[in-house]
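**Q** missing the sequence, but the structure's below:
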């Protein structure tokens, strides 16, 4: 739907900036303010989870996935986690929908799979697929110096719960 183009562009930018605050993104969708934590951050800022947060070795999840692929073209360890144990608490208003993503290089193609615990078909899926396919293209561009003949492969989006909210029934019917 064309009505989401501006929001999708803003969300992709917000993610790649690695921000978790809602100051920027809430200008494009006010619902982020409704699910923010007490400190003004949200848990579902995928860019913050992938690019900003570091493990105890100082490495982001995106860096881990990239390094895993550079180290071993056939790796099954180029994985990034989204829904973290720190999100499991009773006051959480933003329980991250994406569980994990994994990159594989097979037949000289970079494939990417995302596993969701829950996905809204109307608003969630279009924005999620847009970001994750751009992320796949970014990883491809970062890997090309190491694997110059690498090509873009498939994107797979897996959902354990795929749903439409009642407020969108008329939109689907139309």
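**A** Arrived safely, thanks for sending. Just so it is clear, the model here is predicted, and its values are computed rather than measured. Numbers count the residues shown, from 1 in each chain.
**Q** Quick check: phi and psi on the residue positioned nearest the centre of the chain?
**A** Here the mean C-alpha position of the chain is nearest to the C-alpha of residue 46 (Cα atoms, centre = their mean), at a distance of 4.8 Å. Reported as degrees, to the nearest 10, the phi and psi values for residue 46 are phi -60, psi -40.
**Q** Within the helices and strands, which one has the nearest residue to it once chain neighbours are set aside?
**A** Taking Cβ to Cβ, 6 or more residues apart in numbering as the measure, residue 46 lies nearest to residue 15, with 5.0 Å between them; neighbours along the chain are not counted. Any C-beta I mention is one placed from the backbone N, CA and C, and that applies to glycine too. Taking DSSP states H and E as the definition, one finds residue 15 inside helix 5-17.
**Q** In contact with the residue nearest to residue 46: list those residues for me.
**A** 45, 46, 47, 48, 50, 131 (Cβ atoms under 8 Å, 6 or more residues apart in numbering).
**Q** Then residue 43?
**A** With contact taken as Cβ under 8 Å, 6+ apart, residue 43 is in contact with 20, 37, 84, 87, 92, 94, 95, 96.
**Q** any idea which of the residues you listed is closest to residue 136?
**A** When the contacts of residue 43 are ranked by distance to residue 136 (Cβ to Cβ), residue 96 comes first, at 19.3 Å.
**Q** Chain neighbours aside, what residue packs nearest to that closest one?
**A** Take residue 96 and drop its neighbours on the chain: the residue closest to it by Cβ to Cβ, 6+ apart is residue 83, 4.2 Å away.
**Q** helix/strand/coil for that neighbour?
**A** For residue 83, the secondary-structure state derived from DSSP: H, G, I helix; E, B strand; the rest coil is coil.
**Q** sorry, back to before: just the contacts of residue 43: which are in strands?
**A** Among the contacts of residue 43, no member is found in strands (DSSP state E).
**Q** Give me the buried entries from those.
**A** Using 16 or more other Cβ atoms under 10 Å as the burial test, the contacts of residue 43 include 20, 94, 96 as buried.
**Q** which strands and helices sit next to whatever helix or strand residue 64 lives in?
**A** In the assignment (DSSP H and E), residue 64 maps to helix 61-71. With contacts defined as 3 or more Cβ pairs under 8 Å, 6 or more residues apart in numbering; DSSP states H and E, helix 61-71 has these neighbours: strand 79-81, strand 98-106, helix 124-143.
**Q** Tell me which of the ones you listed sits nearest to residue 10.
**A** Ranking these by their distance to residue 10 (criterion: Cβ to Cβ) puts helix 124-143 first, at 9.9 Å.
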